[in-house]
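> Can you look at this prediction? I've put the sequence above it.
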Amino acid sequence: MDARVFLTLIVLGLSVIPVKAESKSDSRQQIEQRARKVLREWSEECLSFTGVQGEIFRIDYDDVFRIQKHSVGTFGYLGPQHSFVRFSPAQKKPDPDSLKKTSKGEPYTYKEGYSEEWRWQKSCVRCIDHKEKKYEEYKIVICPPSDSEPKLFDFGWCFAEMDNMAPVLPGVPNQSNFDEFISDSYLQVIRENDTHIWIAGKPKNRRYAALFMEFKLHLEKRPWRLRAVQFIHPSGQQSTVYRFSNVEFNPLEWEEPDLSGYQNLSERPVVVEWPEKKETSSIQEEAGSQVNWAAIRAGFAMLSLIF
């Protein structure tokens with residue numbers, strides 16, 4: 001082949017590469033923009049909802065020991081420190097064929113779900129065990145932020161408000177917290193049809209990343225309604241799915257449980273820095289462009305079987 005012809009082919013080949021790279025980049029941006037547009041529309045549609053109450057079906061997966069647990073419960077939210085969530089083991093055991101399967105096609109081992117209740121009551125947080133008639137109480141103490149290096153995982157921050165444990169709820173009752181959480185996350189649409197959309201995300205904030213490395217949202221269209229959310233734990237070997245039903249918006253204030261005769265096991269202060277420092281991990285930022293969306297789609301394959 002003539003050297004000039006060969007050189008021309010090389011130049012033409014190199015000139016095509018940036019075009020392809022730019023095309024892929026544009027496609028990713030469009031997918032992320034679609035996800036943000038949907039979540040923004042959902043948030044705006046829920047502006048009149050300041051509280052929510054409903055039922056939860058919870059599924060916990062342990063991919064290390066191949067265990068699956070089902071719990072049923074209720075939840076309510078009127079504010080970050082005025083809310084509750086209660087779980088008890090599901091009474092009906094699932095059909096073995098409906099359980100998650102191992103790579104060899106064997107179903108996971110089913111075990112009894114969780115029995116617990118958390119109550120955020122403005123000045124304290126309570127963890128209640130109704131079966132044993134005992135509870136733990138943690139007083140919330142607000143203090144100025146210290147000059148010391150912020151911790152990656154702060155027990156007080158995690159449990160002081162329901163928002164930290166459940167940043168995404170039906171009806172978006174806490175607009176500012178939800179909008180901040182979404183704006184500080186990598187997002188991508190992983191599936192969409194005429195009536196539903198599924199969005200995957202990865203938190204940038206270090207404290208949220210200490211609780212879960214990825215999350216998936218299942219939304220119904222017209223009107224926008226959150227049907228389920230999945231949180232993948234930091235290890236990547238465990239995940240929890242919450243399915244919402246019988247949801248009521250702007251509910252009346254509920255009655256707190258009567259704990260007469262219950263044993264108070266502890267009463268310790270939970271120190272919360274104020275104002276809270278916004279922390280974004282530089283490592284997470286650098287890894288953001290390398291989010292393993294293929295793995296997320298693989299995980300979604302199991303999630304989609306539930307709905």
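Yep, it's here.

> strands paired with the helix or strand hosting Gln230, and their directions?
Assigned by DSSP states H and E, Gln230 belongs to strand 225-232. As defined by DSSP bridges, the strand partners of strand 225-232 come to strand 214-220 (antiparallel), strand 238-249 (antiparallel).

> Tell me the buried residues in the first one?
Meaning strand 214-220. Residues 214-219 are the ones in strand 214-220 that count as buried (16 or more other C-beta atoms under 10 Å). Using the backbone N, CA and C atoms, a C-beta is placed for each residue, glycine as well.

> re earlier: contacts made by the strand holding Gln230 with the rest, please.
The contact list for strand 225-232 (C-beta atoms under 8 Å, 6 or more residues apart in numbering) reads 42, 168-171, 196, 211-220, 238-244, 247, 299, 303, 306-307.

> residues contacting Leu211?
By C-beta under 8 Å, 6+ apart, the contact list for Leu211 reads 158, 164-165, 231, 234.

> Going by neighbour count, which of those comes out on top?
Within the contacts of Leu211, most neighbours by other C-beta atoms under 10 Å means Phe231, with 21 neighbours.

> And the pLDDT for that one?
Phe231 carries a pLDDT score of 97 in this model.

> mind listing what the nearest residue to it once chain neighbours are set aside touches?
Spatially, and ignoring its direct neighbours in sequence, Phe231 is nearest to Phe212 (4.1 Å; C-beta to C-beta, 6 or more residues apart in numbering). Residues near Phe212 by C-beta under 8 Å, 6+ apart: 203, 231-234.

> Tabulate these (a markdown table), appending distance to Phe178.
Shown next, in a markdown table, are the contacts of Phe212 (distance: C-beta to C-beta, whole Å):
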| residue | distance to Phe178 |
| --- | --- |
| Pro203 | 13 |
| Phe231 | 15 |
| Ile232 | 19 |
| His233 | 21 |
| Pro234 | 22 |
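
> Greatest separation within the residues you listed: which pair is it?
Maximum pairwise distance in these, criterion C-beta to C-beta, is 12.5 Å, between Pro203 and His233.

> Quickly list what's touching both of those two.
Residues touching both Pro203 and His233 (C-beta under 8 Å, 6+ apart): 212-213.

> Tell me which of these two has more neighbours.
Pro203 (24 against 17).

> Check whether that one really touches Phe215, as I assumed.
Yes: the pair Pro203 / Phe215 is scored as a contact, 7.4 Å apart, by C-beta atoms under 8 Å.

> what is in contact with those two at once?
The contact lists of Pro203 and Phe215 share Ser185, where a contact means C-beta under 8 Å, 6+ apart.

> show me where this protein has strands.
Listed in chain order, the strands of the chain (DSSP state E) span 52-62, 67-79, 82-89, 109-112, 116-121, 124-129, 134-143, 185-192, 196-203, 214-220, 225-232, 238-249, 263-273.

> quick one, which of the strands paired with strand 225-232 is nearest to His130?
Go through the strands paired with strand 225-232 one by one with C-beta to C-beta and the one that ends up closest to His130 is strand 238-249, at 20.5 Å.

> ok, and what's touching the closest one?
Applying C-beta under 8 Å, 6+ apart, the contact partners of strand 238-249 are 49, 51-64, 170-171, 225-233, 299, 303, 306-307.

> If we use 7 Å, what do you get?
Outside strand 238-249, the residues that touch it by C-beta atoms under 7 Å, 6 or more residues apart in numbering are 49, 52-63, 170-171, 226-233, 303, 306.

> Only whichever of those are buried, select them in PyMOL.
Selecting only the buried entries of the contacts of strand 238-249 in PyMOL, with 16+ other C-beta under 10 Å as the criterion:
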select buried, resi 49+52+53+54+56+57+58+59+60+61+62+63+170+171+226+227+228+229+230+231+232+233+303
